[in-house]
Each structure stands twice: as structure tokens, then as C-alpha cells.
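Asks: model this:
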Amino acid sequence: MVNILFCGNEGVFDGILTCMLSAVRRSDSKEPYTVFLFTMDLQQLSPAYTPITDDQAAFLEGVLKEYNPGSRVCKTDVSGLYGDWFSGCPNEGAYCSPYTLIRLFADLVDGMPDKLLYLDADIMFNRDIHLLYDIDITDYEYAASNDHYGKYLIHPGYINAGVLLFNMVRARETGLFEKSRDWIRKKKLVFADQSALIRSTTRRKLLPQRYNDQKFLHKHTVVRHFSKRLFWLPYPHTDNIKQWHVDRVHSVFHYHQFDDILTEYQSRKTAFERFKK
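Replies: Numbers count the residues shown, from 1 in each chain. Have a look, this model is predicted:
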């Protein structure tokens, strides 16, 4: 069983669908997946902060079950937890959105497994997910890779929290999540939950960049993270091209390695529009 956690609002559907498809299509294993979805209704802050819908969760589960009938999608509304812990906190206006904070509830939600792979929604697997998921983290709270820019601008060991392989047993023992939540509640942090996790870590395993490649795609890349990146030409600027922006993936990145996945995504997205009706 592969256990994955995504967090977000209704707008992350395309990312979760493409990421899930890349995981199952790039893996030789046919084992079942359990995908946990943490979501919440936070429309008091923004009209766009609507939760992942039941229709979206049901559709994602249906897609997974076509690959293995034992797979499932478990949606959890953490609105209450957010209200108790983070409502009005200094990091509520986080650099991405408040939804980046809710992975810090992983120790408070019932039924979470001992090993859990957290993924941002803008992730694609270029190689077998088991190259990452099967890494031994027995003696660590989690495994993560460097942040591509942070390792130069902040600290050589600065990690990116978009891909986190958690040892939930050890993380509970050390209080990793509780300590992180306390940081979020009491101090404004530049990168919110990412900064809080780093400050709260007792012991982590640093992975090679290929497990969270935020800028390049090599043959050895396991995870391509479509995060905001810097482009030098035709002038220095940043852009935030996601994997579901299929035309731009082709025209800007010139990637065709994911075409089989993105073709299926487009077909599935059309099917979902019919499913909703």
C-alpha cells in the first residue's frame, strides 16, 4: 500500500489528478493506493477558498480503482482544526495560501498510516514512486530534498517541503507537528509551515535533488516539481507553469516525457465535467 497526502481547496483538483496518474503510470507495481485529502472551507478569507468537493473526491477514487480496485480516496474536512489552531494567526496570509498549513494536522486526524508521503499538487513522477516511497526512514522524522533556490540563498541544508516522506511514528514521538503548529501560532515566518517544520525538526534524512527537482528534468529525476521558477531569458523573470498547463509545458519547457499522462488527464478532465452533470 502506498499512502499519499494532498492538501488544498477545490482548485487543486487538476494537480492531484495529474500527480496521481503519474504515480500509477510510472510504477511497475500494481499495488493499491490510499490518497488522503485534507481540505477546508475558508470562504471568510477568500471566495476561492472552497473545499475539495465530494464529486471531485469520488471521481479521483474512481480513477484510482481502475488501476487497482483496492485503492481509495479519504477526504477529511479540517475546518474545525484550522479554526482551533490557526484562525487569526500571524501566518494566515501565508505565501501560498492557508491550505499550506493544514498538513501540520497529520498527527491529529484519525487513521493516518505510519508512513506517509506528503505531496504538493504541482508534482509529477518521472520515474517509479517506489524509488522514493521505499526509502528507509526508520531513524528519521521525515526525508526531504533541498530547496533549489533556498540551498543557495538561505542555507546549504535548506529543504523544500513540497515532497515530504514522513515517519509518522517518529514524528509523533518527537512532537514534530505540534512544535510546528506552535511556531505558526506565535511567530510570522517567511515560508510559514516550511519554516516551522525546519525549526521543529529533530532528525531528517536529506535526499538528492532528483527526488524533488524544482527546475530541471533529467532522466534520473524521480519527481519533477512544477513550482514557481526563475527564467533568465528574454529578461530575468519568474513564472509559475504547472503540469496541467499542457500547452505551456510543451512550448516553454519542451517536455514531452509526460505526454501519455497529460493525454489521459485531458480525457479524464472531460469525463469529470460530464460526471458532475
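Asks: and the helices in the stretch 1-150 of the chain?
Replies: 13-26, 54-67, 79-85, 130-133, 150-153 (DSSP state H, counting those that start in this stretch).
Asks: pick the most deeply packed of those.
Replies: helix 13-26 (a mean of 22; mean count of other C-beta atoms under 10 Å). For every residue, glycine as well, the C-beta is placed using N, CA and C.
Asks: and it with helix 54-67, angle?
Replies: 10 degrees (axes from the mean of the first three to the mean of the last three C-alpha atoms, to 10 degrees).
Asks: begin at 20 from now on, thanks
Replies: Right, with 20 as the first residue, what we last looked at is helix 32-45.
Asks: mind giving me the packing neighbours of helix 32-45?
Replies: Packed against helix 32-45, as judged by 3 or more C-beta pairs under 8 Å, 6 or more residues apart in numbering; DSSP states H and E, are the following elements: strand 21-26, strand 52-58, helix 73-86, strand 142-144, helix 278-295.
Asks: on that earlier part again, nearest to residue 60, of the helices of the stretch 20-169 of the chain?
Replies: Closest approach to residue 60 among these (C-beta to C-beta): helix 98-104, 5.3 Å.
Asks: and the closest one, how far from the chain's centre?
Replies: Mean-position distance between helix 98-104 and its chain equals 20 Å (C-alpha atoms, centre = their mean, to the nearest Å).
Asks: also stretch 127-142?
Replies: 9 Å.
Asks: where in the stretch 20-169 of the chain is pLDDT low?
Replies: Judged by pLDDT under 70, the stretch 20-169 of the chain has its weakly predicted residues at 168-169.
Asks: ok so, going back, could you export the helices of the stretch 20-169 of the chain as CSV, including distance to residue 224?
Replies: Output for these, formatted as CSV (distance: least, C-beta to C-beta, whole Å):
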stretch, distance to residue 224
helix 32-45, 21
helix 73-86, 28
helix 98-104, 27
helix 149-152, 11
helix 169-172, 16
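Asks: you'd agree residue 47 is up against residue 146?
Replies: No. Using C-beta atoms under 8 Å, residue 47 makes no contact with residue 146, being 10.4 Å away.
Asks: more crowded one of these two?
Replies: residue 146 (18 against 6; other C-beta atoms under 10 Å).
Asks: quick one: contacts for that one?
Replies: Contacts for residue 146 (C-beta atoms under 8 Å, 6 or more residues apart in numbering) come out as 45, 239, 240, 241.
Asks: end to end on stretch 108-125, go ahead and measure it.
Replies: Distance between the two ends of stretch 108-125: 19 Å, counting by C-alpha to C-alpha, to the nearest Å.
Asks: just to check, residue 26 is in contact with residue 115?
Replies: No. Between residue 26 and residue 115 there is no contact under C-beta under 8 Å: 10.5 Å.
Asks: what are the ranges of the strands in the stretch 120-269 of the chain?
Replies: Per DSSP state E, counting those that start in this stretch, the stretch 120-269 of the chain carries strands over the ranges 134-138, 142-144, 161-164, 182-186, 223-226, 242-244, 248-250, 256-258.
Asks: tabulate those in JSON lines, adding columns for mean neighbour count and distance to residue 265.
Replies: Output for those, formatted as JSON lines (neighbours: other C-beta atoms under 10 Å; distance: least, C-beta to C-beta, whole Å):
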{"stretch": "strand 134-138", "mean neighbour count": "22", "distance to residue 265": "20"}
{"stretch": "strand 142-144", "mean neighbour count": "25", "distance to residue 265": "12"}
{"stretch": "strand 161-164", "mean neighbour count": "24", "distance to residue 265": "26"}
{"stretch": "strand 182-186", "mean neighbour count": "25", "distance to residue 265": "22"}
{"stretch": "strand 223-226", "mean neighbour count": "18", "distance to residue 265": "28"}
{"stretch": "strand 242-244", "mean neighbour count": "25", "distance to residue 265": "14"}
{"stretch": "strand 248-250", "mean neighbour count": "13", "distance to residue 265": "18"}
{"stretch": "strand 256-258", "mean neighbour count": "9", "distance to residue 265": "15"}
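Asks: could you export the ones you listed as TSV, including distance to residue 216?
Replies: Output for those, formatted as TSV (distance: least, C-beta to C-beta, whole Å):
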stretch	distance to residue 216
strand 134-138	10
strand 142-144	17
strand 161-164	8
strand 182-186	8
strand 223-226	9
strand 242-244	16
strand 248-250	22
strand 256-258	24
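Asks: out of the ones you listed, nearest to residue 36?
Replies: strand 142-144 (11.3 Å).
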